[in-house]
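[1] Have a look at this prediction, sequence included:
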Amino acid sequence: MLVYPQLGTGALSQFPFRTVRRTRTVVNAALDGSSVKVADAAGAMTDWTLGYTALSDAELAALEQFFASAQGTLNGFTFLDPAANLLAWSGTLNQPAWVRDPQLSIAGGVADPAGGSAAWSLTNSGAAPQAISQTLPAPGGYVYCLSAYARATSATAVTMVVGNSQAGRVVQTQWSRIVLAGSGDASAAEIGFGLQVPAGAQVDVFGVQAEPQAGASLYKPSTTGGVYQNARLRDDQLAVTTTGLSRHSCTVNITYVNHL
């Protein structure tokens with residue numbers, strides 16, 4: 001599947017960019033004047049307007065090659081929302097989107113660092129490390145950032161996983177954010193994200209987030225996630241303004257329609 005390219009910095013966009021979501025409601029009007037309204041999830045649309053300035057020659061070449069491969073509005077591609085949490089059900093770790101190793105148990109309703117009770121307790125009752133993870137249909141070679149808020153009853157080393165990248169992070173007794181940037185197999189069409197808890201340990205987690213960039217941004221709760229397959233360009237041509245040596249500007253318009 002064709003994928004939208006990242007910039008040389010590992011980001012997908014520059015600020016400012018614009019996201020517009022449109023939803024549709026089906027209304028059934030009865031003869032007695034009453035009506036029934038139902039949300040039509042298949043009719044939802046999302047549009048992105050990504051403005052770029054000071055692009056290098058290499059970054060512009062990647063965008064132009066992408067436009068040529070997509071043939072403008074003709075072909076669909078995978079697009080990762082630069083303003084979204086890529087993970088599905090980031091705040092509900094018992095959803096089927098999450099895969100758990102057999103000796104890892106979870107419990108919700110734990111006090112979180114935002115003052116609510118949306119954190120989860122992960123308990124490893126086994127004799128080996130156990131993980132909770134998601135695998136997304138996203139390009140393996142991208143740069144990603146995985147982050148989460150975590151705490152433990154005593155200092156514990158948790159392993160964070162982003163594709164082929166793994167690293168230990170010390171979790172303290174107070175809430176703190178742990179972060180790992182990495183990537184996976186450049187030839188793969190999917191990538192995994194996970195947290196691995198050592199044997200016999202219990203760790204509370206909140207705000208698990210994956211982003212298509214090298215650093216963590218403000219936590220954004222998610223349900224469907226930010227991976228959009230079969231997105232499309234809204235223009236057949238890429239208009240470019242060159243302002244200097246290896247300095248180019250352009251605007252890319254992207255749309256995603258649920259029922260297409």
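    Yes, it's here. Numbers count the residues shown, from 1 in each chain.
[2] The residue positioned nearest the centre of the chain and Ala44, how far apart?
    Note on the chain: the residue nearest the mean C-alpha position is Leu86, at 1.5 Å, using CA atoms, centre = their mean. The gap separating Leu86 from Ala44 is 18 Å, by CB to CB, to the nearest Å. Glycine gets a C-beta too; all of them are placed from N, C-alpha and C.
[3] now Val252
    Val252 is 21 Å from Ala44, by CB to CB.
[4] between the two, which one's more packed in?
    Shown here are Val252 and Ala44; by other CB atoms under 10 Å, Val252 has more neighbours (20 against 16).
[5] Skip the chain neighbours and tell me the closest residue to that one.
    Leu50 (4.6 Å; CB to CB, 6 or more residues apart in numbering).
[6] Which residue or residues pair with that neighbour through a beta bridge?
    The partner list for Leu50 in beta bridges (DSSP bridges) reads Phe17, Val252.
[7] Just confirm it contacts Phe17, I think it does.
    Yes. Using CB atoms under 8 Å, Leu50 is in contact with Phe17, at 4.8 Å.
[8] Let me know the secondary structure of the residue located most distally from the centre of the chain.
    When distances to the mean C-alpha position of the chain are computed (CA atoms, centre = their mean), the maximum falls on Asp32, with 46.3 Å. Following DSSP: H, G, I helix; E, B strand; the rest coil, Asp32 is assigned to coil.
[9] State the distance from it to Cys145.
    Distance from Asp32 to Cys145, counting by CB to CB: 55 Å.
[10] circling back: show me what contacts the residue nearest to the centre of the chain?
    Going by CB atoms under 8 Å, 6 or more residues apart in numbering, Leu86 touches 80, 136, 138, 144, 193, 209-212, 222, 225-227.
[11] Quick one: mean pLDDT for stretch 127-141?
    The average pLDDT within stretch 127-141 is 96.
[12] next one: stretch 181-198
    The pLDDT scores in stretch 181-198 average 94.
[13] what's the offset of it from the middle of its chain?
    13 Å (CA atoms, centre = their mean, to the nearest Å).
[14] buried stuff in that stretch?
    Residues 181-184, 191-198 are the ones in stretch 181-198 that count as buried (16 or more other CB atoms under 10 Å).
[15] would you turn those residues into JSON lines with distance to Glu59 and secondary structure?
    Formatted as JSON lines, the buried residues of stretch 181-198 follow (distance: CB to CB, whole Å; DSSP: H, G, I helix; E, B strand; the rest coil):
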{"residue": "Ala181", "distance to Glu59": "20", "secondary structure": "strand"}
{"residue": "Gly182", "distance to Glu59": "22", "secondary structure": "strand"}
{"residue": "Ser183", "distance to Glu59": "18", "secondary structure": "coil"}
{"residue": "Gly184", "distance to Glu59": "22", "secondary structure": "coil"}
{"residue": "Ile191", "distance to Glu59": "22", "secondary structure": "strand"}
{"residue": "Gly192", "distance to Glu59": "28", "secondary structure": "strand"}
{"residue": "Phe193", "distance to Glu59": "26", "secondary structure": "strand"}
{"residue": "Gly194", "distance to Glu59": "31", "secondary structure": "strand"}
{"residue": "Leu195", "distance to Glu59": "33", "secondary structure": "strand"}
{"residue": "Gln196", "distance to Glu59": "35", "secondary structure": "strand"}
{"residue": "Val197", "distance to Glu59": "39", "secondary structure": "strand"}
{"residue": "Pro198", "distance to Glu59": "41", "secondary structure": "coil"}
